[in-house]
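Student: Here is the input, now give the coordinates:
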Amino acid sequence: MATPYALHHLAQTDSTQDDARLLFEGEPVLVVADRQVKGRGREGRGWRSAPRAVAASLAFRPGWPIESWPLVSPTSGLAARNAIGQVTGSDLGIKWPNDLVSDRGKVAGLLVEADNLVVVAGLGANLWWPDPPAGYAGLLDADPGNGEAVSIARRWAEQLLTLTALPEHEWGRDEFERHCLTIGERIRWKPDGAGTAVAVAEDGSLVVETDEGRLLLRVSEVWEVRSNPLPPI
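Tutor: Predicted coordinates:
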């Protein structure tokens, strides 16, 4: 059974991440907003949001040693994939480390921020977007109203709390890897890295084959990975 949590459902907020951190007093706190005006992605980058979206953040302390807290990033992505699928019927792929995509484009992203006291995991998902920018997509063909976002957020939070209460080696690596679309891709990362993604390690790192051998891209260190198709022969 998932750890109990307090739910705060807001009509509008600047950032659910900031709200959840401020409201956290030791017990898990889930903040869901119908509208978020200053959402952010990794490294403080802006987040593009659909007209109808999930904007949710969960503040909690995982039941793992602090050195294993970076595992919350892939675990939150896996929990989000499952929660969205349960509510919308979508079968989504995972782009390591923190995006969910359909065959039409990016539909969701995860942001995990942590200090020694608390982890704040954020989920942004595009439920309905009739005219999305290139590369983005909505999950549904019609506006579902506010209830769908809250349902997804609650399922996501419950699954994430359940997974992070297990021993850290049981976070779901095999399932994550099965749905990880980055595996097998030629990728590049800043400033000048390039290689082929071949696996996901137990600690959530991406295993990459390069000209110099295999290396690990760690969730806590690498902030941008892009597909880099091989040039035609």
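Student: Please report the number of neighbouring residues for residue 12.
Tutor: When neighbours are counted by other C-beta atoms under 10 Å, residue 12 registers 10. Where C-beta positions appear, they are placed from N, C-alpha and C, glycine not excepted.
Student: got the contact list for it?
Tutor: 33, 34, 35, 36, 37 (C-beta atoms under 8 Å, 6 or more residues apart in numbering).
Student: Mark which of those are buried, thanks.
Tutor: 33, 34, 36 (16 or more other C-beta atoms under 10 Å).
Student: Go ahead and confirm the first one touches residue 11.
Tutor: Meaning residue 33. Yes: with contacts counted by C-beta atoms under 8 Å, residue 33 reaches residue 11, the gap being 7.4 Å.
Student: what domains does the record give for this protein?
Tutor: With automatic domain parsing serving as the domain definition, the record reports that the chain contains domains spanning 6-176, 182-227.
Student: which stretch in those is the model least sure about?
Tutor: Taking each of those in turn, the one with the lowest mean pLDDT is domain 182-227, at a mean of 88.
Student: would you turn the buried ones among the contacts of residue 12 into CSV with distance to residue 183?
Tutor: Putting the buried ones among the contacts of residue 12 into CSV (distance: C-beta to C-beta, whole Å) gives the following:
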residue, distance to residue 183
33, 34
34, 36
36, 31
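Student: Keep only those of these that are in strands.
Tutor: Secondary structure defined by DSSP state E assigns residue 33 of those to strands.
Student: and residue 174, how many residues sit next to it?
Tutor: Taking other C-beta under 10 Å as the neighbour definition, residue 174 ends up with a count of 7.
Student: what do you get for residue 26?
Tutor: Here the neighbour count serves as a burial measure; for residue 26 (other C-beta under 10 Å) it reads 10.
Student: got a list of what it touches?
Tutor: Under the criterion of C-beta under 8 Å, 6+ apart, the neighbours of residue 26 are residue 61.
Student: what about it, distance to residue 32?
Tutor: As for residue 26, its distance to residue 32 is 20 Å (criterion: C-beta to C-beta, to the nearest Å).
Student: now residue 185
Tutor: According to C-beta to C-beta, residue 185 and residue 32 sit 33 Å apart.
Student: Comparing the two, which residue is more hemmed in?
Tutor: The residue with more neighbours, out of residue 185 and residue 32, is residue 32; 28 against 20, by other C-beta under 10 Å.
Student: so who does the more buried one touch?
Tutor: Contact partners of residue 32, counting by C-beta under 8 Å, 6+ apart, are 7, 8, 9, 10, 16, 54, 55, 56, 149, 150, 153, 154.
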